[in-house]
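J.: 3D, please:
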Amino acid sequence: MEEDDIFDTDELSMDEDKSSYIEDTSEDELSSDPATGTIVGFVANKYSKADKARYSDEQRWIKSYQNYRGIYGPDVQFTSTEKSRVFVKVTKTKVLAAYGQIVDVLFGSHKFPISINPTKLPDGVAEAVHFETNPQIKEATSQGLTPDDTKLQPGETIIDLRERLGGLRNKLEPVLDDLREGEGQTPSQPSYHPAMVAAKKMEKKIHDQLDESNASKQLRNTAFETALFGTGIMKGPFALDKEYPNWDDQGNYSPMYKTIPQTSSVSIWNFYPDPDANNMDEAEYVIERHKMSRSQMRSLKNRPFFRSNSIDTAIEIGESYSKEWWEQVMEDADQETKAERYNVLEFWGYVDTDILKDHDVEIPKELKDQDQVSVNIWICNGQVLRLVMNPFNPAILPYYAVPYEINPYSFFGVGLAENMDDTQTLMNGFMRMSVDNAALSGNLLIEVDETNLAPGQDLTMYPGKVLRRMGGAPGQAIFGTKFPNVSNENMQMFDKARVLADESTGFPSFAHGQTGIQGVGRTASGISMLMSAANGSIRTVVKNIDDYLLSPLAKSFFSFNMQFDFDPDIKGDLEVKAEGTNSLMANEVRSQRLMQFLGVVQNPALAPFAKMDYIIREIANSMDLDPDKVANSMTDAAIQAEILKKFQAENPPPPQAAPPQQGAPAGAQAQDTQGSGGGQIGTGSVPTPGEPGFTANTGQGQG
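T.: Numbering: from 1, shown residues only. Coordinates of the predicted model:
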């Protein structure tokens with residue numbers, strides 16, 4: 001980016017007065033709330049319908065959970081001869097491996113995997129502007145020699161262009177009269193990109209909001225349930241007041257509060273979608289089930305549009321949370337059906353306008369002619385805790401369901417644990433058979449002929465045991481029979497079932513640390529090819545996360561900021577892009593390819609065709625460096641070059657040695673540090689014995 005000051009964030013502004021909601025009951029009406037009957041019945045009916053519709057899915061999830069935990073369900077019956085109850089938790093290994101690989105892909109760039117960029121042809125904000133810095137060219141263009149591609153748009157004035165400068169209005173104000181649309185064509189025409197500036201400021205604002213709401217942790221929780229149960233749910237954005245710890249000079253705690261958009265992970269067990277929908281785009285409503293304590297109930301009073309007196313009434317009625325059947329199965333050794341909690345239902349969806357009119361809910365003028373409107377309703381113990389018009393415009397349901405493997409005829413997807421349910425059962429069976437057989441074959445079957453033994457003896461067997469025989473009784477009294485060992489055959493079947501598990505899940509064992517790989521996997525290039533092939537299934541999962549979760553979530557944050565944040569610098573024709581799949585290529589490989597391309601464009605004939613600023617930024621990204629901190633844009637690079645030129649002009653290099661003086665010997669220099677007078681012949685060294693010119697007496701010829 002060209003600018004350093006474009007990322008100054010402004011306080012989020014929520015105009016709550018424009019929202020329509022039902023008023024709270026008065027204190028003398030705590031036992032009678034006339035605005036509840038039809039609404040509570042409406043939400044309860046929708047919840048009951050959704051609860052019954054997902055019963056078969058709950059059974060699938062329980063089976064997946066039991067395989068993950070290594071617990072046998074009631075459908076597994078052991079015979080009296082089966083002694084082993086071993087459970088081989090291969091499902092857990094594969095689920096955790098898939099979850100870890102998904103997280104590594106999503107957070108390979110060390111940031112939340114979304115980005116904001118201008119559209120191909122942005123409207124409302126200029127894609128690029130430039131101005132001329134050369135006085136001579138500026139004078140020539142002022143005389144009518146301006147090229148056609150630097151003129152304003154038809155019918156546009158300088159004032160209109162100023163409105164399309166976005167966050168660069170103040171910076172370019174001094175040269176506003178010289179601005180022209182489009183990229184600069186010469187080195188003397190620096191270019192600025194208002195659309196990109198607005199996009200990156202919006203991107204930084206959304207990333208800051210996601211970091212404030214701990215969205216990375218929520219996304220990891222969602223990814224885990226996606227791999228285990230086949231579907232992951234996230235919710236957001238919704239406005240909450242976040243507390244920031246602060247202490248004054250005297251040490252008194254005085255926290256600061258700021259309204260920010262937040263997101264959260266929703267457990268699949270508490271999510272009840274429209275049973276007639278196959279995805280969130282088709283859903284008419286969704287219901288989230290909350291399990292709240294008294295303190296959590298009271299904290300709802302601090303959130304906007306919640307009815308304090310209705311909350312107090314619901315609390316006085318008492319805890320009403322009843323555990324579902326799956327909760328009792330998942331809670332080990334817990335047979336209690338009640339919990340000291342409150343059952344709160346949160347409804348998002350469409351309600352007929354007649355129902356709202358009957359309860360004195362003011363419907364906005366633009367929606368009065370509609371047959372139904374989108375609302376958010378909270379109910380507990382027969383009380384309406386909150387009823388407010390859906391604040392998002394356009395109306396959306398702020399839930400996002402991502403499938404691990406798409407089931408086109410069901411809302412919920414298929415998870416890794418469900419895909420290997422049969423092979424997990426086979427592995428458990430063969431392992432139990434192998435263990436039982438090993439235990440049986442490891443001991444002798446003892447046969448005793450009591451007619452040959454003296455009566456009244458203890459027949460317990462142990463080493464050194466002495467048994468008395470009957471006198472004169474012929475034949476052997478004790479026989480030992482060894483049971484045949486077939487454990488190897490059972491383990492071969494176990495290994496075959498494990499191979500089938502790799503096939504059914506698309507996640508091979510070597511991808512999560514299996515040792516003893518033979519053949520091509522013993523070389524570095526071979527294991528690289530195998531891992532690349534194994535990433536095929538993860539690519540599909542990450543693409544689902546991009547399409548069903550990251551992209552709609554980022555668009556919702558984008559719309560939220562465009563609707564409630566009045567910062568004009570982030571307005572523009574922008575598009576949201578999910579970048580989960582960008583991390584599928586290893587940074588080392590990507591960096592190597594970028595460096596190879598950089599070497600290609602070093603050719604002077606190809607250099608004009610390369611966008612060097614983009615290449616440098618991508619190389620920085622592949623090295624996990626922040627390109628905004630380590631790389632300059634083309635404009636900044638030109639400014640940096642001019643600064644270096646000025647620095648070199650003010651600090652010239654030291655002068656070179658002076659030429660030989662007139663009349664001096666050939667080769668002589670003004671400063672002769674060698675002592676040779678500038679001659680080419682050196683002083684040489686003293687000859688050693690045996691060399692020509694050595695004159696010392698060597699002693700030869702003496703008698």
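J.: pretty sure Asp57 contacts Phe412?
T.: Yes - the pair Asp57 / Phe412 is scored as a contact, 5.1 Å apart, by CB atoms under 8 Å. C-beta: built from backbone N, CA, C; applies to glycine.
J.: quick one, which of those two is more surrounded?
T.: Neighbour count, other CB atoms under 10 Å: between Asp57 and Phe412, Phe412 has more, with 22 against 17.
J.: how far away is the more buried one from Asp354?
T.: Phe412 sits at a distance of 33 Å from Asp354 (criterion: CB to CB, to the nearest Å).
J.: how would you label Pro455: helix, strand or coil?
T.: Following DSSP: H, G, I helix; E, B strand; the rest coil, Pro455 is assigned to coil.
J.: tell me the pLDDT at it?
T.: Per-residue confidence (pLDDT) for Pro455: 86.
J.: okay, now it: neighbour count?
T.: 8.
J.: For it, what are phi and psi?
T.: phi -70, psi 160 (degrees, to the nearest 10).
J.: distance of it from Ile538?
T.: Using CB to CB, we find Pro455 at a distance of 73 Å from Ile538.
J.: any chance you could map the strands in the stretch 1-150 of the chain?
T.: Taking DSSP state E, counting those that start in this stretch to define them, one finds strands in the stretch 1-150 of the chain at 114-118, 129-130.
J.: Mean neighbour count, these: which tops it?
T.: For the strands of the stretch 1-150 of the chain, the largest average neighbour count (mean count of other CB atoms under 10 Å) is found in strand 129-130, namely a mean of 24.
J.: on that earlier part again, flag whichever of the strands of the stretch 1-150 of the chain has the least confidence on average.
T.: Across these, the lowest-scoring stretch is strand 129-130, with a mean of 65.
J.: Could you identify the longest strand within this structure?
T.: In the chain, taking DSSP state E as the definition, the longest strand is strand 231-244.
J.: buried ones in that one?
T.: Of the residues in strand 231-244, 231-240 count as buried by neighbour count, 16 or more other CB atoms under 10 Å.
J.: for stretch 249-262, same thing?
T.: 259-262.
J.: could the residues you listed be laid out in a markdown table, adding secondary structure, distance to Tyr404 and pLDDT?
T.: Below are these laid out as a markdown table (DSSP: H, G, I helix; E, B strand; the rest coil; distance: CB to CB, whole Å; pLDDT from 0 to 100):
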| residue | secondary structure | distance to Tyr404 | pLDDT |
| --- | --- | --- | --- |
| Thr259 | strand | 35 | 76 |
| Ile260 | strand | 31 | 79 |
| Pro261 | strand | 27 | 84 |
| Gln262 | strand | 25 | 85 |
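J.: which of the residues you listed lies closest to Tyr399?
T.: Gln262 (14.0 Å; CB to CB).
J.: who does that closest one bridge with?
T.: Legend: beta-bridge partners of Gln262 under DSSP bridges are Phe238.
J.: just Cys380 next, same as before
T.: Going by DSSP bridges, Cys380 forms beta bridges with Gln383.
J.: any idea how far it is from Thr313?
T.: On the measure of CB to CB, Cys380 and Thr313 end up 9 Å apart.
J.: quick one: which of those two has more around it?
T.: Of the pair Cys380 and Thr313, Cys380 is the one with more neighbours under other CB under 10 Å, namely 25 against 22.
J.: show me what contacts the more buried one?
T.: 292, 297, 311, 314, 320, 342-345 (CB atoms under 8 Å, 6 or more residues apart in numbering).
J.: low pLDDT regions in the stretch 301-450 of the chain?
T.: Applying pLDDT under 70 to the stretch 301-450 of the chain flags the ranges 332-335, 358-362, 364-367.
J.: And the strands in it, which stretches?
T.: Using DSSP E, counting those that start in this stretch, strands in the stretch 301-450 of the chain cover 321-322, 338-339, 342-352, 372-380, 383-389, 399-403, 444-448.
J.: Partner strands of the first one and their direction?
T.: Looking back up the chat, that one is strand 321-322. strand 338-339 (antiparallel).
J.: can you check the third one too?
T.: As defined by DSSP bridges, the strand partners of strand 342-352 come to strand 285-292 (antiparallel), strand 372-380 (antiparallel).
J.: quick check: angle from it to strand 383-389?
T.: 40 degrees (axes from the mean of the first three to the mean of the last three CA atoms, to 10 degrees).
J.: residues of strand 342-352 that come out buried?
T.: 342-351.
J.: which one among the buried residues of stretch 249-262 gets closest to Tyr244?
T.: Ile260 (10.2 Å).
J.: Roughly how far does that closest one sit from Glu212?
T.: Using CB to CB, one gets 5 Å for the distance from Ile260 to Glu212.
J.: intersection of neighbour lists for the two?
T.: Lys242.
J.: that older thread, between the strands of the stretch 301-450 of the chain, which one is closest to Asn603.
T.: The closest of the strands of the stretch 301-450 of the chain to Asn603 is strand 399-403. By CB to CB, the value is 45.4 Å.
J.: which strands and helices sit next to the closest one?
T.: Here strand 399-403 touches helix 215-229, strand 231-244, strand 271-273, helix 524-545, going by 3 or more CB pairs under 8 Å, 6 or more residues apart in numbering; DSSP states H and E.
J.: CA atoms only for it, dumped as PDB, please.
T.: The C-alpha trace of strand 399-403 is given here as PDB (Å, rounded to 0.1, in the frame of the first residue of the first chain):
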ATOM      1  CA  TYR A 399     -25.600 -19.000  10.900                       C
ATOM      2  CA  TYR A 400     -23.200 -20.900   8.600                       C
ATOM      3  CA  ALA A 401     -23.200 -24.700   8.200                       C
ATOM      4  CA  VAL A 402     -20.300 -26.300   6.500                       C
ATOM      5  CA  PRO A 403     -20.300 -30.100   5.600                       C
END
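J.: all strands of the stretch 501-650 of the chain, in order?
T.: Ranges of strands in the stretch 501-650 of the chain, per DSSP E, counting those that start in this stretch, are 574-578.
J.: Give me the below-cutoff pLDDT ranges for it.
T.: Ranges of the stretch 501-650 of the chain meeting pLDDT under 70: 510-536, 565-574, 579-589, 624, 628, 632-643, 645-647.
J.: residues touching the nearest residue to Lys291 once chain neighbours are set aside, list them.
T.: The shortest distance from Lys291 to any non-neighbouring residue, by CB to CB, 6 or more residues apart in numbering, is to Arg341 (4.9 Å). Going by CB under 8 Å, 6+ apart, Arg341 touches 291-293, 319, 321.
J.: try 10 Å this time
T.: 290-294, 296-297, 319-323 (CB atoms under 10 Å, 6 or more residues apart in numbering).
J.: now swap in Gly232 and tell me
T.: Counted by CB under 10 Å, 6+ apart, Gly232 has contacts 102, 219, 221-226, 265-268, 271, 400-404, 413, 415, 544-545, 548-549.
J.: Equivalent analysis for Ile446, please.
T.: 459, 461, 478-481.
J.: picking up where we left off before, mind putting the buried residues of strand 342-352 in CSV, distance to Met493 included?
T.: Supplementary listing: the buried residues of strand 342-352 in CSV, determined by distance: CB to CB, whole Å:
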residue, distance to Met493
Tyr342, 51
Asn343, 48
Val344, 50
Leu345, 49
Glu346, 49
Phe347, 51
Trp348, 50
Gly349, 51
Tyr350, 54
Val351, 57
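J.: ok, which pair from those is furthest apart?
T.: Maximum pairwise distance in those, criterion CB to CB, is 26.1 Å, between Tyr342 and Tyr350.
J.: Which positions within stretch 486-505 qualify as buried?
T.: 487, 490, 493-494, 497-498, 501-502, 504-505.
J.: List phi and psi for Gly415.
T.: For Gly415, the backbone dihedrals (degrees, to the nearest 10) come out as phi -100, psi 170.
J.: Could you report the neighbour count for the spatially closest residue to it that is not a sequence neighbour?
T.: What sits nearest to Gly415 in space, not counting adjacent residues and going by CB to CB, 6+ apart, is Gly230, at 3.2 Å. The tally of other residues near Gly230 (other CB under 10 Å) stands at 27.
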